[in-house]
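Asks: Below are the sequence and a predicted model for it; my questions follow.
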Amino acid sequence: MEYVQERIATLHDLTDAGPPAAADAFAETAVVVPMTDREHASLAAERVLSALEAVDPAAVYVPVRAPPDRIEPFRRWVRSFDLSLRVVWCNAPAVERLLADAGLDGGFGKGRDVWLALGPAAETCSRIVVHDADASSYEAGHVARLLAPLSMGYEFSKGYYARVENDRLYGRLCRLFYEPLVRALDETRREPIVSYLGAFRYALAGEFAMTARLARRIRAPRSWGLEVGTLGDAFAQAGFAGTAQVDLGRHEHDHRAVAGETGLEGMSREVAATLFHVLVDHGLRIEYDRLADRYRAAGRELVEQYRADATFNDLTYDAASEREQVDRYASAIAPPGEDRRLPAWDAIDLDPGSVLSAASARPE
């Protein structure tokens, strides 16, 4: 057991006592649980919503993309849980029209879904917790752990955990792409934003909490770059002193294939694009070819460290496959193109109540 601190406050699970009682905090908390239609009645999503019944937060928002013939069955299933819950139908025609009228159409994904729920959530509650719905290891205590730093004066809280399943190391996109990329960025200069991005033990975790003030200032990437984009704005708004990370133990999540646009390879491009936009926000100029070379070297070094860790813990480890993934992900290190992040809610004239009303409409 260790208790090492990073540049940000790191709250460890050192005892079985858990965080301080959070009943009052729950009464001021909205939980945002993004889903897709495939999560309808899945075992993991059932576990998450059942656990939230024990937490009883002030509100639960479930942003979901679903075809018109599937949204009503989805709503009926979600509403079967004893929660103060709103389903946010993210691709409802009324939502699409509302965003188009505001000049915010074009592109969708997890980031846009969460952003649509953050606006209404920040209107109703002072604290917001966001987490995925695909963790089969989810526990109600995770909400209390994520909230605890906010009660201590922090503005942003991020979860971290181990991804070990079936005697293997997972968390591949974070281990084999994000971590060596940040390590490569940090080789030649100690920029504060790079140090901040490197201080998180699981930077791509989908579990985090923030104040409503911060939620209204998040410029969300539309797709898989949400977690990195959130870190960029958390650094700008909360900084090292206002940020904490919390031990959530060991998580078991769904796994993706590596190849293809819907696999980890496609996700790496989204994560990289958002990361590079964050760095440009803070005045960094990037030499992409040199960075790609440094990334490959850092990735190979980490693969050897993971091999040693896996051997030490008697885990199965395929170093050749992991090196191949490093090479695949290297193609994502390129100029990011147009910045298509959604604006902060504080920066636009869009009523969160109107969005929620449009997202609650029945299929046309």
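Replies: Ah, there it is.

Asks: low pLDDT regions in the chain?
Replies: When the per-residue scores of the chain are filtered using pLDDT under 70, the ranges that remain are 1, 21-23, 188-189.

Asks: Can you tell me which residue is spatially central in it?
Replies: Among the residues of the chain, residue 206 comes closest to the average C-alpha position under C-alpha atoms, centre = their mean, at 2.9 Å.

Asks: So it sits against residue 227, correct?
Replies: Yes: because the distance of 6.4 Å satisfies C-beta atoms under 8 Å, residue 206 is recorded as touching residue 227. (Glycine included, C-beta is placed from N, CA and C.)

Asks: Quick one: name whatever helix or strand follows the top helix by length along the chain.
Replies: Counting by DSSP state H, the longest helix found in the chain is helix 288-312. Stepping forward along the backbone from helix 288-312, the first helix or strand reached (DSSP states H and E) is helix 319-330.

Asks: quick one: buried residues of the helix or strand that that following helix is followed by?
Replies: Under the assignment DSSP H and E, the closest C-terminal helix or strand after helix 319-330 is helix 352-359. Neighbour-count burial for helix 352-359 flags 352, 355, 356, 358, 359 (criterion: 16 or more other C-beta atoms under 10 Å).

Asks: In a markdown table, list these along with distance to residue 266.
Replies: As requested, those are exported to a markdown table (distance: C-beta to C-beta, whole Å):
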| residue | distance to residue 266 |
| --- | --- |
| 352 | 31 |
| 355 | 28 |
| 356 | 31 |
| 358 | 29 |
| 359 | 27 |
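
Asks: how much space between residue 328 and residue 267?
Replies: When C-beta to C-beta, to the nearest Å is the yardstick, residue 328 and residue 267 sit 11 Å from each other.

Asks: So between these two, which is more surrounded?
Replies: Between residue 328 and residue 267, counted using other C-beta atoms under 10 Å, residue 267 has the larger neighbour count: 22 against 17.

Asks: So the more buried one is in contact with residue 259, correct?
Replies: No: at 11.3 Å, residue 267 and residue 259 do not qualify as touching, with contact defined as C-beta under 8 Å.

Asks: Would you mind giving the secondary structure of residue 248?
Replies: Going by DSSP: H, G, I helix; E, B strand; the rest coil, the secondary structure assigned to residue 248 is strand.

Asks: Give me the neighbour count for it.
Replies: Using other C-beta under 10 Å as the criterion, residue 248 is surrounded by 24 other residues.

Asks: Equivalent analysis for the one 5 residues further on, please.
Replies: Residues near residue 253, counting by other C-beta under 10 Å, number 19.

Asks: which ones are touching it?
Replies: Contact criterion C-beta atoms under 8 Å, 6 or more residues apart in numbering gives 132, 134, 135, 136, 163, 170 as the residues in contact with residue 253.

Asks: Taking those residues together, which two end up most distant?
Replies: When the contacts of residue 253 are compared pair by pair using C-beta to C-beta, the farthest-apart members prove to be 132 and 170, with a separation of 14.0 Å.

Asks: more crowded one of those two?
Replies: residue 132 (20 against 16).

Asks: Could I get the contacting residues of the closest residue to that one other than its chain neighbours?
Replies: For residue 132, ignoring the flanking residues on the chain, the nearest one in space by C-beta to C-beta, 6 or more residues apart in numbering is residue 206 at 4.0 Å. Contact criterion C-beta under 8 Å, 6+ apart gives 130, 131, 132, 226, 227 as the residues in contact with residue 206.

Asks: gap between residue 206 and residue 192?
Replies: 25 Å.
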